[in-house]
Structures are given as C-alpha cells and as structure tokens.
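In: here's a sequence, model it:
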Amino acid sequence: ENTVKDLSKNTPIISEVKENPESNEDMPIIDDTYLNELNVYNFQSLYKGTWRSESIPEWKYREGKTASGDTYENAVKMRTAYTNAESFVVDYYLKKEYTNFNGNFILDEKSKSTPLVATLKIYGDETLLYEYNNITCGFPAQNTGDIDISNINILKFEFVNEAGGVGDYDDFGILFYDSILK
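Out: Below you'll find the model as predicted:
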C-alpha cells in the first residue's frame, strides 16, 4: 500500500531571536529545514570525463515514489544515469547557517530492478563527509546519521555510477526523503 508523507510546509520558521555575541546584533534561529526546501546552487553531470552544467530539472522538487512503493512529498531525487551521466552532482549553498544534516535515502521507483551499482558521496566545502557504496536493486532505506555541517558554505551530493556507463538503463536514482538540516 502506498503512503504519502508530507512533513513540511516549505518555509522555514523563525522560532526565536538570540543575540550574536560576535557582532552585538540579534540573529534569528531557524527551525529545522528539509533538504527539498533549499535552493539548488549548482547542478552538473559528468559525461565521458567532462563535467557539464545542467539546467535544474523540474523533477527535483516533485514528490517522489520509492522502490518500496511509498510516496514522499518532501523529497529530492538524484540520478546518476540522467542524460547518460557517470556522475550527478547537486550543490546547496548553506551560507554557514546550519550545524547538522540527517538524511534518509532509498532507490526511487524506476530503479528498483536496476543491475547498476552506484555510490553516494556527500561533501562539505569539498571535504568528504559521508559515503555509501554498493547502491543497487534490493537496496534498503538508509539513514546518514547526524553529519556535522557547521561552518559549511556548500553542501554537495554526488551520485556516482560505478559501472562508468548506463547501457539500456537511463533512469537510475535515489530519493532523499524527510532529510533535515538544523
């Protein structure tokens, strides 16, 4: 049975104002923000060894259906085989406003039978913060755990096709759902 999970209102809420001791100014404290609420800073794909900037596809912000059949309105899709790329990168500009990221991810519906294998990498200002290998069919939902993103300007997600090519599969991806920045 499919379920819809919507945990956001697509706007961060300022819950309180605290004094910033470094500048003598008041600084808003922002409640949890979902990954799909952030604006994409950069979107690229690697094809035959060359990085290509891409226009940000509309599917990035649609609800997503997982390989297990669940539907999430609060989701971000990432694909390695989109336009036959070997790697897919999406960057979010955080402006050092967050201290923690906790993400959930699973194969999306179109990838549930893929023979391909991929790796997910998460970077903070070019430093590898998280890596998960051997993503393929039958892959169960995973959680990144708490990742420290204090003082990070750019949070980068890279989804890498380990085979280096996509063959007949032109739609291999994962879905981040209920993923929170604090």
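In: please name the nearest non-neighbouring residue to residue 111.
Out: Closest residue to residue 111 apart from its sequence neighbours, by C-beta to C-beta, 6 or more residues apart in numbering: residue 172 at 5.0 Å. Backbone N, C-alpha and C define where each C-beta goes, glycine included.
In: wait, the one you found touches residue 118, no?
Out: Yes. Using C-beta atoms under 8 Å, residue 172 is in contact with residue 118, at 6.7 Å.
In: circling back to that earlier point, per-residue confidence for the residue nearest to residue 111?
Out: Looking at residue 172, its pLDDT reads 77.
In: isn't residue 88 up against residue 45?
Out: Yes. Using C-beta under 8 Å, residue 88 is in contact with residue 45, at 5.3 Å.
In: tell me which of the two has more neighbours.
Out: Of the pair residue 88 and residue 45, residue 88 is the one with more neighbours under other C-beta atoms under 10 Å, namely 26 against 22.
In: shaky segments in the chain?
Out: For the chain, the stretches with pLDDT under 70 are 1-30, 47, 52, 54-64, 80-85, 163-171.
In: if you set the cut-off to 90 instead, what comes out?
Out: The model of the chain has pLDDT under 90 over residues 1-31, 36-90, 108-118, 136-139, 159-175.
In: any idea which element the nearest residue to residue 143 once chain neighbours are set aside lies in?
Out: With C-beta to C-beta, 6+ apart as the measure, residue 104 is the residue that lies nearest to residue 143, at 5.3 Å, once sequence neighbours are left out. Using DSSP states H and E, residue 104 sits in strand 100-107.
In: list of residues touching that strand?
Out: 35, 66-68, 114, 120, 122, 132, 135, 137, 139-150, 155, 173-182 (C-beta atoms under 8 Å, 6 or more residues apart in numbering).
In: can you give me the distance of the closest residue to residue 32 other than its chain neighbours to residue 95?
Out: In this structure, residue 32 finds its nearest non-sequential neighbour in residue 180, 4.9 Å apart by C-beta to C-beta, 6+ apart. Remark: distance between residue 180 and residue 95 (C-beta to C-beta, to the nearest Å) = 17 Å.
In: and what of residue 73?
Out: As judged by C-beta to C-beta, residue 73 and residue 95 stand 26 Å apart.
In: neighbour-wise, which of these two wins?
Out: In terms of neighbours (other C-beta under 10 Å), residue 73 is the more surrounded of residue 73 and residue 95; the figures are 16 against 9.
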